[in-house]
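*Asks:* I would like the atomic coordinates for the input below:
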Amino acid sequence: MDRMPAWADAVLVPLISLILAAILSALVIIGIGEDPVAAFTLMVDGALMRSSGWGYTLYYATNFIFTGLAVAIAFHARLFNIGGEGQAMLGGLGVALVCLYIPWPHWSLAILGSAVGAATFGALWALIPAYLQARRGSHIVITTIMFNFIAAAVLNYVLVNLLRPPRSMDPATARFPEPTHLPTFNEMFSTAETVLFRGAPANVSFFLALIACVAVWVLLWHTKLGYQIRAFGESESAAKFAGISPVRITIIAMLISGGLAGLMALNTTQGEAERLVMNATEGAGFIGIAVALMGRSHPFGVFLAAILFGFLYQGGAELALWTNIPRELIVVIQALVILFTGALDNMVRTPLERIFMAFRRKES
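*Replies:* Got it, this is the predicted structure:
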């Protein structure tokens, strides 16, 4: 018998963890001499009460959906992919090559080609750690995090020595051709009478992120491969007894994970910058770990957690602009969310389980 209902595990545990993180964050804000209620009000106003704020919130959320799904897929196979940052960097390289060297007639075709390029480069970058884990026993955490640094070095070399336009001092590619530029929310939803999402970088790749959520849900819970991934994650010995190859599942799960992380570059590289630049990922690969933890590795949970972290990013920018609260405080808040939803998960879960078990004993 489960110690508490599934809804409590999916909703109550993350919600209480979030409330505890918010309380501690409020204490930190009070400690630096600011009003936590005013700070929260400003965050809500800047991130949610205007279309431009929503545009930035959804832009950040798009990155976190892709990287959160990448981590979630690996989690289901009991693999800890910390290489989303590097996989997204190389995904950007795939996007740049597709956009710069293939003459696309329209963005609707270019985004399909870019998605293939981004997913392929991200998956291939995840393949090496996957092979080392499956065949050589190298720990996936160590190899993936090391590959982040290698990816940054590779991307820096390519941008500086191979793709940088002549006489340019900026380590970045040339601007992508006009037909590859993705429609922004401002272009998609504004009318002659009403201008929406003014200046916000949110673009059509957000809808691809939603499609990715549905695709991952279908894969994990409605396909044979998804069942094998989850079975392997629950018990490797039982999976082997059932004829599931650990090597095959490890490599396939990491390929899918790396491909999803690479797809993040559609938003940052093709959608926002419209060229490949260094540091376009801005830590989104690591935030994906927190998103997957808070979302319980379920696509819908990942979507909600990504919106939350998008709100924190945009709200944090508002705080830094209009108050004396430093931008780094948002990193503290994110760390507290990660702390309570990850490392201190049992601090919330165990008392809840006792409460539900006590109710069940009374009913019986």
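*Asks:* Please look at Met278 and Asn156 and confirm they touch.
*Replies:* Yes: the pair Met278 and Asn156 qualifies as a contact (CB atoms under 8 Å) at a distance of 6.4 Å. Yep, even glycine has a C-beta here, placed from its N, CA and C like the rest.
*Asks:* okay, and the common contacts of these two?
*Replies:* When contacts are counted by CB atoms under 8 Å, 6 or more residues apart in numbering, Met278 and Asn156 have Pro171 as shared neighbours.
*Asks:* Format the CA atom coordinates belonging to stretch 38-56 as PDB.
*Replies:* In PDB, the C-alpha atoms belonging to stretch 38-56 read as follows (Å, rounded to 0.1, in the frame of the first residue of the first chain):
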ATOM      1  CA  ALA A  38       6.500  44.600  -2.100                       C
ATOM      2  CA  ALA A  39       9.300  42.600  -3.700                       C
ATOM      3  CA  PHE A  40       6.900  39.700  -4.600                       C
ATOM      4  CA  THR A  41       4.300  42.200  -5.800                       C
ATOM      5  CA  LEU A  42       6.900  43.800  -8.100                       C
ATOM      6  CA  MET A  43       7.900  40.300  -9.400                       C
ATOM      7  CA  VAL A  44       4.300  39.400 -10.200                       C
ATOM      8  CA  ASP A  45       3.600  42.800 -11.900                       C
ATOM      9  CA  GLY A  46       6.800  42.600 -14.000                       C
ATOM     10  CA  ALA A  47       6.500  38.900 -15.000                       C
ATOM     11  CA  LEU A  48       2.800  38.200 -15.200                       C
ATOM     12  CA  MET A  49       0.600  41.400 -15.300                       C
ATOM     13  CA  ARG A  50       1.800  42.700 -18.700                       C
ATOM     14  CA  SER A  51       2.100  40.900 -22.000                       C
ATOM     15  CA  SER A  52       5.800  42.000 -22.400                       C
ATOM     16  CA  GLY A  53       6.500  40.400 -19.000                       C
ATOM     17  CA  TRP A  54       4.700  37.200 -20.000                       C
ATOM     18  CA  GLY A  55       6.800  37.300 -23.200                       C
ATOM     19  CA  TYR A  56      10.000  37.100 -21.200                       C
END
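*Asks:* Would you mind listing the buried residues in that stretch?
*Replies:* Residues of stretch 38-56 classed as buried under the neighbour-count rule (16 or more other CB atoms under 10 Å) are Ala39, Phe40, Leu42, Met43, Gly46, Ala47, Ser51, Ser52, Gly53, Trp54, Gly55, Tyr56.
*Asks:* Name the residues of the helix or strand harbouring Phe207 that come out as buried.
*Replies:* Assigned by DSSP states H and E, Phe207 belongs to helix 205-222. The neighbour-count check on helix 205-222 (16+ other CB under 10 Å) flags Ser205, Phe206, Leu208, Ala209, Ala212, Cys213, Val216, Trp217, Leu219, Leu220 as buried.
*Asks:* now stretch 308-315
*Replies:* Along stretch 308-315, the positions that meet the burial threshold by neighbour count (16+ other CB under 10 Å) are Leu308, Phe309, Gly310, Phe311, Leu312, Tyr313, Gln314, Gly315.
*Asks:* For the second one, which residues are in contact?
*Replies:* Residues near Phe309 by CB under 8 Å, 6+ apart: Tyr60, Ala61, Phe64, Ile287, Ala290, Val291, Gln334.
*Asks:* sorry, back to before: among the buried residues of stretch 308-315, name the ones in helices.
*Replies:* Taking DSSP state H, the ones among the buried residues of stretch 308-315 that sit in helices are Leu308, Phe309, Gly310, Phe311, Leu312, Tyr313, Gln314, Gly315.
*Asks:* Spell out which two among these are the most distant pair, please.
*Replies:* Comparing all pairs in those by CB to CB, the longest separation belongs to Leu308 and Gln314, at 11.2 Å.
*Asks:* can I get the CA coordinates of stretch 235-249 in PDB?
*Replies:* Taking only C-alpha atoms (Å, rounded to 0.1, in the frame of the first residue of the first chain), the coordinates of stretch 235-249 have been written out as PDB:
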ATOM      1  CA  SER A 235      15.000  -2.100 -11.300                       C
ATOM      2  CA  GLU A 236      17.900  -3.000 -13.600                       C
ATOM      3  CA  SER A 237      18.000  -6.600 -12.400                       C
ATOM      4  CA  ALA A 238      14.300  -7.100 -13.100                       C
ATOM      5  CA  ALA A 239      14.600  -5.400 -16.500                       C
ATOM      6  CA  LYS A 240      17.500  -7.700 -17.400                       C
ATOM      7  CA  PHE A 241      15.500 -10.700 -16.300                       C
ATOM      8  CA  ALA A 242      12.700  -9.500 -18.600                       C
ATOM      9  CA  GLY A 243      15.100  -9.300 -21.600                       C
ATOM     10  CA  ILE A 244      15.700  -5.500 -21.600                       C
ATOM     11  CA  SER A 245      19.200  -4.600 -22.500                       C
ATOM     12  CA  PRO A 246      20.800  -2.200 -20.100                       C
ATOM     13  CA  VAL A 247      23.300  -1.000 -22.700                       C
ATOM     14  CA  ARG A 248      20.500  -0.300 -25.300                       C
ATOM     15  CA  ILE A 249      18.300   1.500 -22.800                       C
END
